[in-house]
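Undergrad: sequence and computational prediction follow.
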Amino acid sequence: MPETRFDILSQFDPITLEEMKEVKLMNRIDEKYLLTLEQLQQLFEFALKDYRVQEIDGTRIASYHTRYYDTPRREMYHIHLTGKKVREKIRVRTYIGSDLTFLEVKNKNNKGRTKKKRIEITDPDNLDLPFVHEFLGKHAWYALGDIELSLENRFSRVTLVNRARTERLTIDLGVWFHNYKTDNTYQLTKVAIVELKRDGRVYSPVRQILRDMRIKPQGFSKYCMGCVFTDPLIKHNRFKERKLKVLKLNR
């Protein structure tokens, strides 16, 4: 996603990666929204006075690559599909600009809170290492031998932080999916995935902005929807309405 697409980003005050360490939100409440690129431009305009933009080496749009793991029967996907609140995702995420890669375990509890544990790794193609087995044994439901590569995605991300540093807003653009099983791909060229991550139920300026724009929060798992868009045989009845909405926005 070209950085010149949203020139307004240059008008935001920056926040450095060092300052961002104070806004980890590893135990948080998440809300997701789907916006057209036109709506996103409006959101940036409204958020300008209350938010700062993450800047790394002069760049305000970062590139990400994520690989998701699941069981051969796609158990993690189906747990989400059936609407269970307690669920888990295992992924390897590479922050391309900073050349850092982490193995991450994300767990959501029945209160809607997300807890994330992660360790840095140097080779995403080789996870069969003692410290990886130990990490998964401590934090995950599954051992390394229980899971396999399921889906990957690539996207560009803008990160905004409110001036009180109690929340982080991530905006994912140009999300591209590739399914390791079917080899199918799909890209969201006209849809932004906006995720509000906040520590507790503190006041959120952007939440009020989105409400004023009449944009409601809705569930959107990049892993699950990536599976839906790239595997025509996978069961997705609970995601069908969401799929149709995204297809409409992405035309």
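TA: It's in. Residues are numbered from 1 along each chain as shown.

Undergrad: got phi/psi on the spatially closest residue to C224 that is not a sequence neighbour?
TA: Leaving out its chain neighbours, the residue that sits closest to C224 by CB to CB, 6 or more residues apart in numbering is H80, at 5.2 Å. Bear in mind the C-beta positions are built from the backbone N, C-alpha and C, glycine included. Main-chain dihedrals, H80, degrees, to the nearest 10: phi -70, psi -40.

Undergrad: what's the burial count for H80?
TA: Applying other CB atoms under 10 Å, we find 22 residues neighbouring H80.

Undergrad: run through the chain and note the low-pLDDT ranges.
TA: When residues are selected by pLDDT under 70, those of the chain lie in 1-5, 24-28, 200.

Undergrad: ok, the most centrally placed residue in it - contacts?
TA: When CA atoms, centre = their mean is applied to the chain, the residue found nearest the centroid is K222 (6.5 Å). Neighbour list for K222: 66, 153, 172, 175, 177, 193 [criterion: CB atoms under 8 Å, 6 or more residues apart in numbering].

Undergrad: how is the residue nearest to Y51 when sequence neighbours are not counted assigned, secondary-structure-wise?
TA: Sequence neighbours aside, L160 is the residue nearest to Y51 in space, at 4.2 Å (criterion: CB to CB, 6+ apart). Following DSSP: H, G, I helix; E, B strand; the rest coil, L160 is assigned to strand.

Undergrad: could you do K197 as well?
TA: Under three-state DSSP, the three-state class of K197 is strand.

Undergrad: D30 is in contact with that one, correct?
TA: Yes. Under the criterion of CB atoms under 8 Å, K197 makes contact with D30 at 5.4 Å.

Undergrad: any chance you could map the strands in the stretch 101-250 of the chain?
TA: Listed in chain order, the strands of the stretch 101-250 of the chain (DSSP state E, counting those that start in this stretch) span 113-121, 148-162, 167-179, 185-187, 191-198.

Undergrad: tell me what the fourth one is packed against?
TA: Secondary structure elements in contact with strand 185-187, counted by 3 or more CB pairs under 8 Å, 6 or more residues apart in numbering; DSSP states H and E, are strand 167-179, helix 222-230.

Undergrad: which among these is found nearest to Y186?
TA: Y186 lies closest to helix 222-230 among the helices and strands packed on strand 185-187, at 3.9 Å (CB to CB).

Undergrad: with that, I have no additional questions.
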